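Trainee: Below are the sequence and a predicted model; questions follow.
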Amino acid sequence: MTPAANRYDAIIIGGGHNGLVCAAYLGSAGQRVLVLEAAAAPGGAAANVEFSPGFTVSGCAHILNMLDPKVSRDLNLASHGLKLSLPNLKTIALAEDGRHITFDGALATNDSLQVYSKTDKANLADLRRLLLRIGKLLKDFYGTVPPRLGTESWSDRIALAKLGWAIRRLGRNDMREMLRIAGCNIADVLNDELESDLLKGAIGFDAVLGTELGPRSPNSVFSLLHRLTGEANGIPGALALPEGGMGAVTRAMAAAAEAAGADIRTGSPVARILVENDRAMGVALETGEVIHADIVVSNADPKTTYLKLLGPQYLDTGFVRRVKNIRTRGTAAKLHLALDGLPEFTGLDAKELGQRLLIAPSLDYVERAFNHCKYGEYSTAPAIEMIIPTVNDAALAPQGKHILSAVVQYAPYELKGGWENARDEFIDTAIKTISAYAPGLEGRIIARELLTPRDIEEKYRMPGGHWHHGELALDQLYMMRPVPGAAQYAAPLPGLYTCGAGGHPGGGVMGIAGKNAADRILKDGKSR
Amino acid sequence: MKVYDAIVIGAGHNGLTTAAYLAKAGMDVIVLERQPYIGGATVSRELYPGFTYSNCSYVCSLMRPEIMRDLELPRHGLQVIPYEGGVTMMRNGDYFATYPNHDQNRREIARHSAHDAEAYDYFGAETLRQCRFIKKMLLTTPPDPTSFKPRDLFGLLDIARRFHGLGEEWMYDTIRFWTMSCADFLDQYFESEVVKGHLAGTSIIGTALGPYSPGSAYVLLHHYMGEVDGSIGSWGYARGGMGAVSGSLANSFQSYGGEIRTAAEVEQIIVKNNRAVGVALSGGEEVLGKMVISNMDVKRTFDKSMDPADLPEDFLHRVRNFKIRGSSGKLNIALDGLPDFPSIPDGCRGRTGDMHVSDSMEYLERGYDDWKDGTWSREPYIDMMIPSLTDPTMAPPGKHYMSVFVQYVPPYLADGQWNDEKRAAFGKTVIDKIAEYSPNFKDLILHAEVRTPWDIENETGLTEGNIFQGELTMDQLMFNRPVPGYAQYRAPVKNLYMCGSSTHPGGGVMGAPGANAAREILLDMRIKT
Amino acid sequence: MTPEPYEAQLLETPFHARTSSLCSTRQWGNWSGFASVNAYTSVDMEYFAARSTAALFDISPMTKYAITGSDAASYLNRLLTRNMEKVKPGRVVYAVWCNDAGMVIDDGTVFCLGENDYRLCSQERHLPWLLDSAIGYNVEIKDITSGIAALAVQGPTSSAVLKAMGLVGIENLKPYSLTEFDLDGHSLMVSRTGFTGDLGYELWIDPGAAELLWDRLMEVGSLYGLRPMGSEALEMTRIEAGFIQAGVEFFPGDLPTRPDRLRSPFELGMGWLVDFDKGHFIGRRALLQEKKTGSRYALVGLDIEGNKPALHSFVYQGKDTEVGIVASAMWSPTCKRNIAIASLKTPYHKDNHGLWVDVYVYRELKWERIHASCKVVDKQFFNPPRRWATPAGDR
């Protein structure tokens, strides 16, 4: 390879969705971009894997609820093959006796609520209005680079003023609600407004999905709001399933990036970010190959980026301390079951099996499940989110066979005694829990796989196996995400940027972090 | 019939504070107290002959020095004696003590972790920084962020200006501090479990949060804000028990011409034409005043002592949703002698201060899990003191009074209401726990008063027995306390005010809500002080 | 054995039996948790011993960290602002280290005892910072403060004292070098370092041999005017030498509770310790920025009219513009000048006209206010050639 061919404007480390989005934006701006992906295919945690011969499942993330419509439009993902197999996924909160409650992702109500309560339908509609209103406000700030505090810069001051103004514009009542509710725990909010345990359990579980929180933990309202910033098909807060699994989303993104002129090299794990004269100037692959570029963009999480790929020797201790202290304790395990036929759930017809099913019968149930994980134990009665993607997308499994893909919570990253001995026990616990709602499930299982947070860490290179590359808590948000001093996508080391979920606005297959990072990079490029 | 300038409901420390400030400004004020004695939860009571029990609150240092000075409390009988540190006894027989002397403290921490010994200074500096930032807000009425009134805008601007003055790094630290969990905060500094367990204790006192709950770092700070003679973070006893606080406030109030009526239970606040005009006592008697000021918590004030028709529906809904969670219990014990604590060495002065047995944060968090399940902690957090070691007025010579604060104790049990039998079982749990660390403890007990949240509510009127009149979580602090839009001590009814700990800055024997309420009232009255 | 914390507020140094019997003023201070003599007999006489014969000072309480491991050199190179790759075994350097913002955390001396074997001596304790800075480095950091007994022998006859004690060739030891001797079977490390700005040595030995070393020095020292010195006399020599002191000239890093209390190396006159060419070190980016935008303060020496020490006085310019504050001040008996070390706002340190200090003097139950004009001067007020001469002189 000639030196010229080996030189890029930007190298992106990691071909997860944010890396691909960033590559597409930089590519369309005329930059020569190289994406280096360690795995055999791009996609990161939103890629497909064949966990058993013939059975393909979305490896980590399995529902599309937050993909940013602007990113989707800008990258023209539809023309690159993205199609939704189920555009507005419903959520069914399972009851053991079959008296389930169905609602959409956006908490839109329907008459199944009447089974348990006369007032819940109206009260949920009110709560939904408020939460979506605040969610919309959050969303407006998700798409921008966070300002820094206390600087002399006018752009920071203007950004802060805009934030203040946006909050004021909510009007007196909603503003008061927002300032109050953001610090609340979801259990209080739900108990204040709703009656049905099953409904509250389901919403409470949504609020803590993928976090190290229980429904009674302050902050949990915020993590629900984070989910509600998403949309599908223009419906705020809605959920969807992409045709061909989540892998189809990242495949479309990869195609978009390539169409924008980016090169994608798979099977190329990066060993180190290279530094010269206090500036990032390229990367060294694990093979020893060196690739130069004007800037390096890391889609890896902040701990990996700063402490492993770059190394503390190029950083200051206060900064390293902050990075070290980022909380990345994953709590969600992913369970994949290959089934020889469609399982039967009490009180659900075959069509309903294609929806999103939740096992979270009450707030107390979820909170008790959470208790265990605080002490390094797994939940003996876990809360579970599951889908059977093959109902809507038969191509993912052999003819007549099905897949059950589930998020099982809570499974602590650091299990006392280690995961090796406990893995099978935990799978059995999860299956037993599901079987209470789907008698006969056990007999249908032909293969099973559990990804504990530790496995997720190893497989997807996310520390702690945390979906969001760092807990989505108020002290790790916005101008403090991933850490102060690096929250504007630029590392303290000139020439190095981050574009992953570890930065604002966090995880979920949104693509916004990638887009914001590209904005920042292009802005810096202009001022250079 | 006499019409007072102001009626204060409840002779707790905040009610008396407000009353004293108003009387000092020349108003004709009466304080009505349900119990035959004053003080609310700041009392000294002789429940066993010769012994003085501080049977609710038990330490004094949050009390704002500005108030002590304005109301001349020392002249009226308040004397605060600092104590010499504390100690946590460990399950492995070792102990961890704290000392007022910096180097002793450092060397003691070093016995458990060399790293933590030196990290303690950094921890101390950060907490002090946060205290300095917040301290100024304690005696300030929280501005309403939704308002465009000049006063609120200036208030907000002032906070913003002081916040900005911290500089970039510290601003982030401050935001983080207000939102993170005590455990995450301490993990940043310390590695030793017992050091963290000892420090985390203050983050859960009176609070229905565990040390792992986000927001609990703030509660840690709330307790660190205490100061004795300008030394922030230090703690002391009121000589003569906590009744000395309410007693000195009452003396001060009466010296300005104020009137106190005990055994006068207010049944209802009388509202006419959307104005508070007086109160009806439980005997049917009415007391009239130009204004009514309630030292009761918001639920008791608005939900229990008013006609719902007199209040906006939305306000009442919010009051009902205000979180006042009972989570604490108390044992007051008369001892025939000083109990042995074999794990504390003889020369260690930590036993004059707060003693604990919770040697890790997990210990505390597990206690919280029990509370969530509707039972008292099987392994409770115990904040145990023997004030008679430093204060001779508390017990006869050679005998001792022990105050044992217990966290977590639910207001309602999963299997029903509290009753005598369950109270006794709870008391046994605590006494057994102490006896694990003190072999002769049980033999020395002359008398023990066991107080559950239910008892505390019945006696003091605090809803659910919550010592703060409302949780100290972010959604209930500053301009959100007690209800967004009503954080400036004025109720939605004209001439009705709130001065209890349900208002900013919250509970603890601080007096700040009372002083702030008085300032707002005088502002409305256009009385210059 | 170390007493339990509840037993002793202050620890005793290995020389305590000797120092306490000589401390006739009974004036002790707290130095990092150790009892340290403020003055043995007379501050002035102890000071003059240091300046004209030799003085003996117990420096055992100084915080000492052992830094070892295969990355020790590169670790220190990242930690400290100066280039440590140039420091060879047997050498000692003075260094400062900064936080992320380029503000000085502390200063100290680093002893290079061997390949990747260092000792860091400082005023304050910094274990958490040192350990967090070691993330990613193969290095071990241990507090060895109480494992080493140390004495400073300072003054014109110090070399002669050590020679008389049998340390052959000590006069050839260069400033900021160290070497080892045998003292009755005990290894005795000697470095030509000190805090007085004069010829002087520091002696490091196993605590078990502490009293032996003390006795031997006092015995041979009697012929050379050796006299034990307390911290008050040392402080006088420190100011004359123009050395900075943590907690006096600067607030040790990361501990203030108020913003704007910290100082960068440039603001402390330590710019010469900052090596931008050696690669990254902690605070480098912030210090480069400061180079570009300018420093806020400058630490200067002041020569003040009159003879009243201007300790903690404000420094004014012109009519009443407040431009700084005096950190240390004294009448220098040796220089015969009224000297001070002061932190001035920039650029007032450059304009040497119209500076004055307000000195308050309490005379016979009455405060008097003295308006004393002053001049910015080199803060190394006392710097005799004998301090640097090798071989070192005998008197």
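Mentor: Arrived safely, thanks for sending. In this text the structure is predicted, and so the values were computed from the model without any measurement. Numbering: from 1, shown residues only, chains lettered A, B, ... in the order given.

Trainee: Spatially nearest residue to the most centrally placed residue in chain C, not counting backbone neighbours?
Mentor: When Cα atoms, centre = their mean is applied to chain C, the residue found nearest the centroid is C:F195 (4.8 Å). Take C:F195 and drop its neighbours on the chain: the residue closest to it by Cβ to Cβ, 6 or more residues apart in numbering or on different chains is C:R238, 5.4 Å away. All C-beta spots, glycine's among them, are computed from the backbone N, C-alpha and C.

Trainee: Using the three-state scheme, assign that neighbour.
Mentor: helix (DSSP: H, G, I helix; E, B strand; the rest coil).

Trainee: Next to chain C, which bits of chain A? Give me the list.
Mentor: A:275, A:278, A:307, A:311-321, A:324, A:485, A:492 (Cβ under 8 Å from any Cβ of the partner chain).

Trainee: who's in contact with the residue nearest to the centre of chain C?
Mentor: Going by Cβ atoms under 8 Å, 6 or more residues apart in numbering or on different chains, C:F195 touches C:152, C:154, C:234, C:237-238, C:241, C:243.

Trainee: let's see 7 Å
Mentor: By Cβ atoms under 7 Å, 6 or more residues apart in numbering or on different chains, the residues touching C:F195 are C:152, C:234, C:238, C:243.

Trainee: Likewise for A:N371?
Mentor: The contact partners of A:N371, by Cβ under 7 Å, 6+ apart, come to B:D369.

Trainee: Enumerate every residue touching the residue of chain C found nearest chain B.
Mentor: Residue nearest to chain B within chain C: C:G33 (3.3 Å; Cβ to the nearest Cβ). Counting by Cβ under 7 Å, 6+ apart, C:G33 makes contact with B:103, B:106-107, C:10-11.

Trainee: any idea which of the residues you listed is closest to chain A?
Mentor: B:R106 (20.9 Å).

Trainee: Sticking with that closest one, tell me its helix or strand.
Mentor: Assigned by DSSP states H and E, B:R106 falls within helix B:102-112.

Trainee: May I see the buried residues of that helix?
Mentor: Under the neighbour-count criterion of 16 or more other Cβ atoms under 10 Å in any protein chain shown, helix B:102-112 has B:103-112 buried.

Trainee: outside of it, which residues touch it?
Mentor: Applying Cβ under 7 Å, 6+ apart, the contact partners of helix B:102-112 are B:96-99, B:116-117, B:120, B:192, B:194-195, C:5, C:9-10, C:33.

Trainee: could I get these as CSV with secondary structure and pLDDT?
Mentor: Shown next, in CSV, are those (DSSP: H, G, I helix; E, B strand; the rest coil; pLDDT from 0 to 100):
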residue, secondary structure, pLDDT
B:F96, strand, 97
B:A97, strand, 95
B:T98, strand, 92
B:Y99, coil, 90
B:D116, helix, 96
B:A117, helix, 95
B:Y120, helix, 92
B:S192, coil, 97
B:V194, helix, 98
B:V195, helix, 97
C:P5, coil, 87
C:Q9, coil, 88
C:L10, coil, 93
C:G33, coil, 93
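
Trainee: Identify, from those, the entry nearest to B:Y381.
Mentor: Checking the contacts of helix B:102-112 against B:Y381 by Cβ to Cβ gives B:V194 as the nearest, at 13.9 Å.

Trainee: Who are the contact partners of that closest one?
Mentor: The contact partners of B:V194, taken as Cβ under 7 Å, 6+ apart, are B:88, B:90, B:96, B:112, B:359-360.

Trainee: Pull up the residues of chain C that are close to chain A.
Mentor: C:78, C:99-100, C:129, C:132-133, C:135-136, C:280, C:282-283, C:285 (Cβ under 7 Å from any Cβ of the partner chain).

Trainee: Including secondary structure, could those go into JSON lines?
Mentor: Below are the residues of chain C next to chain A laid out as JSON lines (three-state DSSP):
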{"residue": "C:R78", "secondary structure": "helix"}
{"residue": "C:N99", "secondary structure": "coil"}
{"residue": "C:D100", "secondary structure": "coil"}
{"residue": "C:W129", "secondary structure": "helix"}
{"residue": "C:D132", "secondary structure": "helix"}
{"residue": "C:S133", "secondary structure": "helix"}
{"residue": "C:I135", "secondary structure": "coil"}
{"residue": "C:G136", "secondary structure": "coil"}
{"residue": "C:H280", "secondary structure": "coil"}
{"residue": "C:I282", "secondary structure": "coil"}
{"residue": "C:G283", "secondary structure": "coil"}
{"residue": "C:R285", "secondary structure": "helix"}
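
Trainee: Name the surrounding residues that touch the helix or strand containing C:E290.
Mentor: Here C:E290, judged by DSSP H and E, is contained in helix C:284-293. For helix C:284-293, contacts defined as Cβ under 7 Å, 6+ apart pick out A:492, C:100-102, C:264, C:266, C:274, C:276.

Trainee: Flag every residue of the stretch 301-450 of chain B that's near chain A.
Mentor: Residues of the stretch 301-450 of chain B that fall close to chain A, judged by Cβ under 7 Å from any Cβ: B:321, B:323, B:362, B:365, B:369, B:372.
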